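J.: Next come a sequence and a model predicted from it.
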Amino acid sequence: MSGLLAHTEYITITTKARYAILDITDRVEELREKAVLGDGFILVSTMHITSSIFVNDRESGLYQDIMAWLEDLAPRRTDYKHHLTGEDNADAHLKRMLLGHQVLVPVTTGALDLGPWERVHYGEFDGCRPKRILMKAIGVKA
């Protein structure tokens, strides 16, 4: 392996629903391949304060459990102080804080180095409009 690299791309996601979880692992792999990253990391970071990036299993029952858990901890309701600004998405800000806004995905010998069930996910909590995700590959070329 030789040659240090830093390669950045942005993708835009628009969900059809206010709340959604999307598996974006294939998009992360596309970036790794395009960057010819052999060893290093890919930073995946949502650039919006009402969405998240997290690593977990891709399973529809788990997605439902995650959304129910988030709703228990940060329910959608009308009495948040944030809503005094004219917004209606305080719960989305809180849900984002619970799951986080970015992950570092390790890359080893030219492959995403995730566990057998791990996938990279985008969590949307105030959807139906375009939102950007930053993906930055850092490391050495394959």
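T.: In hand now; what should we look at?
J.: ok, which stretches of the chain are helices?
T.: 25-35, 60-73, 90-99 (DSSP state H).
J.: For I49, find the nearest of these.
T.: Closest of the helices of the chain to I49 is helix 90-99, at 5.8 Å (criterion: Cβ to Cβ). C-betas here are computed from N, CA, C, even on glycine.
J.: Strands of the protein, start to end?
T.: Secondary structure of the chain by DSSP state E: the strands cover 4-13, 20-23, 37-46, 51-56, 102-108, 111-112, 119-124, 131-141.
J.: Export the fourth one to PDB, keeping only CA atoms.
T.: When you say that, I think you mean strand 51-56. The C-alpha trace of strand 51-56 is given here as PDB (Å, rounded to 0.1, in the frame of the first residue of the first chain):
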ATOM      1  CA  SER A  51     -31.200  13.200  11.700                       C
ATOM      2  CA  SER A  52     -28.600  10.700  12.800                       C
ATOM      3  CA  ILE A  53     -26.000   8.200  11.600                       C
ATOM      4  CA  PHE A  54     -25.600   5.000  13.600                       C
ATOM      5  CA  VAL A  55     -24.400   1.400  13.200                       C
ATOM      6  CA  ASN A  56     -26.700  -1.500  14.000                       C
END
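J.: thinking again about what came up before, deepest in the core, which of the strands of the chain is it.
T.: Among the strands of the chain, ranked by average contacts under mean count of other Cβ atoms under 10 Å, first place goes to strand 119-124 (a mean of 23).
J.: And the contacts of it?
T.: The contact list for strand 119-124, computed with Cβ atoms under 8 Å, 6 or more residues apart in numbering, reads 13, 15, 17-25, 28, 44, 46, 50-58, 66, 95-96, 99, 103, 105, 114, 131, 133.
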